[in-house]
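# return atomic coordinates for the entry below.
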Amino acid sequence: MKRVLGKVGLQAVVVLSSILLSGCNSSSSNVAQNTNPIGEERATITSDNVDVILATSVSGIDKLASLVDGVVEQLPTFSSKNRSITDIDITTKDCENGGDISVDKLTTSGATLNFTECREKGYLLNGIVVVDSDGDSYDATFKNFNAANSVDDITLTDATAHIVGEDYNFFIATGNATVKGNPIEVQNFTIDKKDRKANTNGSLKSGCVGAWIDIATTESLQYDESDNLTDGQLLVTGNSSDISVSINQDGSVTVLLNGSLYKEYDSVDSLPQYSEYCF
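The predicted structure follows:
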């Protein structure tokens, strides 16, 4: 599966997505009990701003999850699926297009990796990742880690991930991203991807909204072999207000605003897009 939230700009997932994680089972459908950052303003969702909230919560998470995918794709070289950490016998690995990754504190199961101006697969990578391998899976802890492509970037101030092949459980305690110049902040944000299901859960603030919202999958997002969304539900919660986004079996999308029908969309592609409202 290459997408977390379907065809809304995601090139590879979350997350989100959901980005994107610790203690979250992708086969379950738990309603998030999120708490937005203490002392920070929370968005009130109304008919006046529902479109921009939708763009931030669905399309925005999609783009965030794509960046998370880009980070995860840099690490498989160090997993036992391709090359075990215990087989690394060098202290520095040159990146394919410049920069390097220095290997420090090597143990029988892991290492500390320091990315310095490392250019791999279209990304510029800087920061520290602590990797601990266990068979075909591994855990990664990110500290002040930045990944940037030609358009967007993401900084993981404090994040962890459990990775098994193409599936992962990604938890961002604090982090931020820039999508085409527009900032997105996340806290306590989870993107959980397994098989053809995904879940997301956490708090998000974008520059075009200016206040925090909580986002969660109340039903796991499910995909067909072409990565089209076939089922699932998202709940976006603000200040005494919420939006429910339901993916129907025929591909249409039903959006409820504070429990009442807001609009029916023909498909996920018809939802308000981040690029329309946040630039």
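
# residue 262: neighbour count?
18 (other Cβ atoms under 10 Å). C-beta: built from backbone N, CA, C; applies to glycine.

# brain fart, residue 68
35.

# just residue 64 next, same as before
36.

# ok, and the closest non-adjacent residue to residue 223?
residue 196 (4.6 Å; Cβ to Cβ, 6 or more residues apart in numbering).

# does that neighbour really touch residue 228, like I thought?
No: taking Cβ atoms under 8 Å as the definition, residue 196 is not a contact partner of residue 228, at 10.4 Å.

# per-residue confidence for the residue nearest to residue 223?
For residue 196, the pLDDT comes out at 82.

# list the contacts of it.
1, 222-225 (Cβ atoms under 8 Å, 6 or more residues apart in numbering).

# among those residues, who's most crowded?
residue 223 (22 neighbours).

# hey, what's that one bridged with?
Here residue 223 sits in beta bridges with residue 229, going by DSSP bridges.

# mind jotting down where the strands sit in the protein?
Assigned by DSSP state E, the strands in the chain fall at 92-94, 100-104, 110-120, 123-134, 137-148, 153-164, 167-179, 182-194, 197-206, 212-223, 229-238, 241-247, 253-257, 260-265.

# so which of those strands is the most packed in?
Neighbour counts (mean count of other Cβ atoms under 10 Å) averaged over each of the strands of the chain peak at strand 197-206, with a mean of 28.

# list the strands paired with it, with their directions.
strand 182-194 (antiparallel), strand 212-223 (antiparallel).

# so can I have TSV of these showing distance to residue 109?
Conversion of the strands paired with strand 197-206 to TSV gives the following (distance: least, Cβ to Cβ, whole Å):
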stretch	distance to residue 109
strand 182-194	23
strand 212-223	31
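
# quick one: which of those strands has the weakest pLDDT on average?
Among the strands paired with strand 197-206, strand 182-194 scores lowest, with a mean of 88.

# how far does it sit from its chain's centre?
5 Å (Cα atoms, centre = their mean, to the nearest Å).

# ditto for stretch 263-279
Centre to centre, stretch against its chain (Cα atoms, centre = their mean), the figure for stretch 263-279 is 19 Å.

# and what of stretch 260-279?
19 Å.

# next, the buried residues of it.
Residues of stretch 260-279 classed as buried by neighbour count (16 or more other Cβ atoms under 10 Å): 262, 265, 267-268, 271-274, 277-278.

# from the residues you listed, which land in helices?
274, 277 (DSSP state H).

# what is the nearest of the buried residues of stretch 260-279 to residue 150?
Distance to residue 150 across the buried residues of stretch 260-279 (Cβ to Cβ) is lowest for residue 274, with 17.3 Å.

# tell me the contacts of that closest one?
8-9, 55-56, 59-60, 62-63, 179, 182.

# going along the chain, name the helices of the stretch 1-150 of the chain.
50-54, 61-72 (DSSP state H, counting those that start in this stretch).

# weakest of those in terms of mean pLDDT?
When I compare these, helix 61-72 is least confident, with a mean of 75.

# how many degrees apart are that helix and strand 182-194 in direction?
With axes from the mean of the first three to the mean of the last three Cα atoms, to 10 degrees as the basis, helix 61-72 and strand 182-194 are set at 70 degrees to each other.

# residue 193 versus residue 267, what's the distance?
Between residue 267 and residue 193 the computed distance is 22 Å (Cβ to Cβ, to the nearest Å).

# now residue 224
15 Å.

# helix or strand with the lowest mean pLDDT in this structure?
helix 61-72 (a mean of 75; mean pLDDT, DSSP states H and E).

# could you give the separation of that helix from the chain centroid?
5 Å.

# next one: stretch 43-59
Per Cα atoms, centre = their mean, the centroid offset for stretch 43-59 relative to its chain is 19 Å.

# any weak-confidence spans in the protein?
1-39, 74-90, 279 (pLDDT under 70).
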